[in-house]
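> task: produce atomic coordinates for the following.
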Amino acid sequence: MIEATLCFPLRNRSDDGTDEVLLIEKRRGLGEGWYNGPGGKRETGETFRECAARETREEVGLEVEPAALEKAGELTFLLDGEGHTNCHVYRTRSFTGEPTASDEARPEWVSVDEVPYDQMWDDDSRWLPGVLEGRTVRGEFRFAGGEPLDEAAFVDHDLEWDVSLESGRDGSP
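The predicted structure is shown next:
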């Protein structure tokens, strides 16, 4: 099973006070051409928070301290009834730097009210709005149709909102 993270940096736009989220347009790999938050696979010996901070730095150039990440979700993705990916979701308003494009991702600040869910994974519209509102979520998403996951059909899901995401499940080595 793939162990991965997603990170959603948030900021308040100074001209009108609108909340914005930093999304990336994937330039290669799983989900190419779709929008999501910076993230990726956890490396050996790395906590999920460390992974989210590293992936955010590598993909868009923002520096995030792992301790500044607020855990917002634990998502499990099944493909044809088998475990495919466990994803730990974080959000933060604490980061330094300006987002820059990489070979992996093109970053874009988007109003929280204008997130392009029609250009994202089918499951994102079911859990991301709540995460961007400050809620926590634990979810399971089922896809069918074989590899690769981004070409499989979304089948069903279960969500549990406002859950406690205790630190003992953060993947500390």
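> residues in contact with stretch 71-89?
Outside of stretch 71-89, the residues within contact range by CB atoms under 8 Å, 6 or more residues apart in numbering are 1-8, 37, 39, 48-49, 51-52, 90-91, 123, 127, 131, 135-147, 149, 152, 165, 167, 169-171. Using the backbone N, CA and C atoms, a C-beta is placed for each residue, glycine as well.
> try 6 Å this time
1-6, 48, 90-91, 131, 136-144, 149, 152, 165 (CB atoms under 6 Å, 6 or more residues apart in numbering).
> and for stretch 110-121?
18-21, 23, 34-35, 125, 132.
> what's the average pLDDT for it?
Averaging pLDDT along stretch 110-121 yields 96.
> likewise stretch 38-54?
Mean per-residue pLDDT for stretch 38-54: 96.
> related to what we said a few turns ago, give me the subset of the contacts of stretch 110-121 lying in strands.
19-21, 23, 35 (DSSP state E).
> report the buried members of the residues you listed.
Buried subset of the ones in strands among the contacts of stretch 110-121 (neighbour count, 16 or more other CB atoms under 10 Å): 20-21, 23, 35.
> does the residue of the chain positioned farthest from its centre belong to a helix, a strand or coil?
No residue in the chain sits farther from the centre than Asp15, which is 26.7 Å out by CA atoms, centre = their mean. Here Asp15 is coil, with the state taken from DSSP: H, G, I helix; E, B strand; the rest coil.
> next one: it from Ser111, what distance?
For Asp15, the distance to Ser111 equals 12 Å [CB to CB, to the nearest Å].
> same thing with Ala53?
Taken as CB to CB, the span from Ala53 to Ser111 is 25 Å.
> likewise for Gly39?
21 Å.
> and if you look at Lys71?
For Lys71 relative to Ser111 (CB to CB), the value is 24 Å.
> tell me which of the two has more neighbours.
Lys71 (20 against 12; other CB atoms under 10 Å).
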